[in-house]
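>>> here is the input, now give the coordinates:
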Amino acid sequence: MTPGDLRALFVATLTDPAGAARQLIAADLPRQAVWMALLLAAALNAILFSLSNMALPAPEMFPGIMRSPLVYFALVVLGMVVFVMALSWAGRLLGGLGEFDRVLVVMVWFQYLRLAVQAASLVLVLTIPVLSVVLVMAATVVGIWILLHFIAQAHGLDGLGRAAGVLIVAALAMVVATSMFIALVGGPMLGSVHHV
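Here you go, the predicted model:
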């Protein structure tokens, strides 16, 4: 896609998210290109994360490794892949197409939209903090609306209600999976710490 195509797609996403999702799916991008776009989005996210930490140092709540750009990059990639898998599974469960590639391409584009908002928010929080809060609140509402349209189109669903159901089931599945992972990995790690 050319820069002009990306600008047009960005505008379409805001004005007609369902149409933008159909355009992304119809483009039938090579799987390798979509995965490269995902990795680039994660890398940009890690860079933005580092800039945010330098501009606005966060409280010391996590181990130092958790503030590492490389660790953050890995977590973003893992999180995106798991979320796409959860959305694909939940879509099949609720009667959608459940095709991983269709969900992946719309979610990768959605990640770039989030990056644009995060970058704008960082600039505003350093210059006009009040506008930063307004931007984040507005982007959250609009983002959910766009996401529901993307899910509906990726799964071939006939309404936003079913798309919301897919999103809720996927989110619950991720919570359960994360809890199980923490119980399996975190438990032994905590136990070993207590025995040192």
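>>> CA only for contacts and neighbour counts going forward, please
OK.
>>> what residues does residue 142 make contact with?
Under the criterion of Cα atoms under 8 Å, 6 or more residues apart in numbering, residue 142 has no contact partners.
>>> so which helix or strand takes in the residue nearest in space to the middle of the chain?
By Cα atoms, centre = their mean, the chain has its centre lying nearest to residue 111, at 4.8 Å. Residue 111 is part of helix 100-127, with elements assigned from DSSP states H and E.
>>> state the distance from the residue nearest to the centre of the chain to residue 37.
According to Cα to Cα, to the nearest Å, residue 111 stands 10 Å off from residue 37.
>>> any idea of the mean pLDDT for stretch 113-126?
Here stretch 113-126 scores 92 as its mean pLDDT.
>>> can I get it as CSV, trimmed to CA atoms?
Provided in CSV are the C-alpha atoms of stretch 113-126 (Å, rounded to 0.1, in the frame of the first residue of the first chain):
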residue,chain,number,x,y,z
LEU,A,113,-4.5,3.1,15.1
ARG,A,114,-3.8,2.6,18.8
LEU,A,115,-0.2,3.7,18.1
ALA,A,116,-1.3,6.9,16.5
VAL,A,117,-3.5,7.7,19.5
GLN,A,118,-0.7,6.9,22.0
ALA,A,119,1.8,9.1,20.1
ALA,A,120,-0.7,12.0,20.0
SER,A,121,-1.5,11.5,23.7
LEU,A,122,2.2,11.5,24.7
VAL,A,123,2.7,14.8,22.8
LEU,A,124,-0.4,16.3,24.4
VAL,A,125,0.4,15.1,28.0
LEU,A,126,3.7,17.0,27.7
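>>> any buried residues in that stretch, and which?
113-115, 117-118, 121-122, 124 (16 or more other Cα atoms under 10 Å).
>>> go on, stretch 69-77?
Neighbour-count burial for stretch 69-77 flags 69, 72-73, 76-77 (criterion: 16+ other Cα under 10 Å).
>>> cool, and stretch 31-41?
Neighbour-count burial for stretch 31-41 flags 34-35, 37-41 (criterion: 16+ other Cα under 10 Å).
>>> and it, how far out from the chain middle?
Distance of stretch 31-41 from its chain centroid, counting by Cα atoms, centre = their mean, to the nearest Å, is 13 Å.
>>> what separation is there between residue 158 and residue 74?
35 Å.
>>> same thing with residue 15?
Applying Cα to Cα to residue 15 and residue 74 gives a distance of 33 Å.
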